[in-house]
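Q: Mind folding the following:
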Amino acid sequence: MKKILLIVSASVVALVAIGAVVMWFFLGSIVTAGVNSFGPKITQTKVVLAGAKISPFTGSGTLTGLEIGNPTGWSDANLASLGRIHLDVAPLSLLGDHIVINEISIEAPEFNYETKLVNSNVAALLKNIEQFTGGKDPAKPEAGGKSVKFAVKKFRLQNGWVRVGVGPAALKLPMPPIELTNLGTAEGGITPDQLVVAVMRSVTTSIVSATTQAAGKIGGTAGAAAAEALKGLFKK
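A: Here you go, the predicted model:
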């Protein structure tokens with residue numbers, strides 16, 4: 001009898017372990033496929049996520065190799081390479097349509113900032129995203145399904161870099177850190193495109209802040225003029 005109990009117990013433990021491994025890769029595949037499918041629709045650019053690992057038990061996970069291409073009319077370079085993104089998700093919320101993310105942390109991302117008169121690639125990307133959001137009711141689910149909403153308690157982006165210009169002459173500058181709190185918590189969750197818009201507005205501000213500070217440090221009339229031009233571009 002004891003041997004049978006031991007065999008049964010060992011079998012249960014083995015099944016749980018196998019199930020945990022399967023769920024680990026299953027959730028990662030879902031996230032990767034979701035980003036690669038939905039991302040280009042939101043940004044109207046290339047969006048590629050290399051991989052994702054999320055634990056169904058702890059809710060912690062890592063996204064790797066996320067790249068966002070430039071909008072149409074700009075260089076062939078990527079607009080952003082985010083490298084590694086750490087997630088801390090409330091595990092039970094993964095089972096519903098209101099996913100609570102305790103923290104999103106992006107470490108050492110790189111952005112390529114290109115400008116043309118009164119426009120920039122970052123502004124063009126934000127315009128694409130806002131057009132996507134404005135083209136439909138983001139709170140309305142697709143036919144036959146439910147809309148998935150997110151609440152992000154904390155968002156951090158730190159040690160980022162922005163490369164101004166194209167080619168060997170591009171200037172690499174440090175970005176001011178970004179920290180946002182309680183995105184969508186008061187509203188009972190926001191849709192993925194609304195979340196992207198909220199984050200990208202702050203990213204745009206940080207990128208322009210880095211470039212205007214650098215222009216101001218050049219000194220003299222040229223530096224002041226460059227700073228004013230960049231400030232005007234951001235307002236536009």
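Q: Every contact and neighbour count from this point should use C-alpha atoms.
A: Noted.
Q: now the longest strand seen in the chain: mean pLDDT?
A: With secondary structure taken from DSSP state E, the chain has its longest strand at strand 78-89. Per-region confidence: strand 78-89 scores 90 on mean pLDDT.
Q: Downstream of that strand, the next helix or strand is which one?
A: strand 98-107 (DSSP states H and E).
Q: Would you mind extracting the C-alpha trace of the longest strand of the chain into PDB?
A: The C-alpha trace of strand 78-89 is given here as PDB (Å, rounded to 0.1, in the frame of the first residue of the first chain):
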ATOM      1  CA  ASN A  78      15.300  50.600 -36.000                       C
ATOM      2  CA  LEU A  79      13.700  53.400 -34.000                       C
ATOM      3  CA  ALA A  80      14.200  51.500 -30.800                       C
ATOM      4  CA  SER A  81      16.000  48.400 -29.500                       C
ATOM      5  CA  LEU A  82      14.700  47.600 -26.000                       C
ATOM      6  CA  GLY A  83      16.900  44.600 -25.200                       C
ATOM      7  CA  ARG A  84      15.600  43.200 -21.900                       C
ATOM      8  CA  ILE A  85      12.300  44.100 -20.200                       C
ATOM      9  CA  HIS A  86      11.500  42.700 -16.800                       C
ATOM     10  CA  LEU A  87       7.800  42.100 -15.900                       C
ATOM     11  CA  ASP A  88       6.200  41.500 -12.500                       C
ATOM     12  CA  VAL A  89       2.600  40.400 -13.100                       C
END
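Q: Partner strands of that strand, with direction?
A: Strand pairing for strand 78-89, using DSSP bridges, gives strand 60-69 (antiparallel), strand 98-107 (antiparallel), strand 110-113 (antiparallel).
Q: chain center to the first one: distance?
A: It refers to strand 60-69. Chain-centre distance of strand 60-69: 8 Å, with Cα atoms, centre = their mean, to the nearest Å.
Q: Could you list the low-confidence segments of the chain?
A: 1-27, 135-146, 215-236 (pLDDT under 70).
Q: Would you map the strands across it?
A: 47-54, 60-69, 78-89, 98-107, 110-113, 115-116, 119-120, 149-158, 161-164, 171-174, 178-183.
Q: highest average neighbour count across those strands?
A: Mean neighbour count (mean count of other Cα atoms under 10 Å) peaks for strand 110-113 among the strands of the chain, with a mean of 24.
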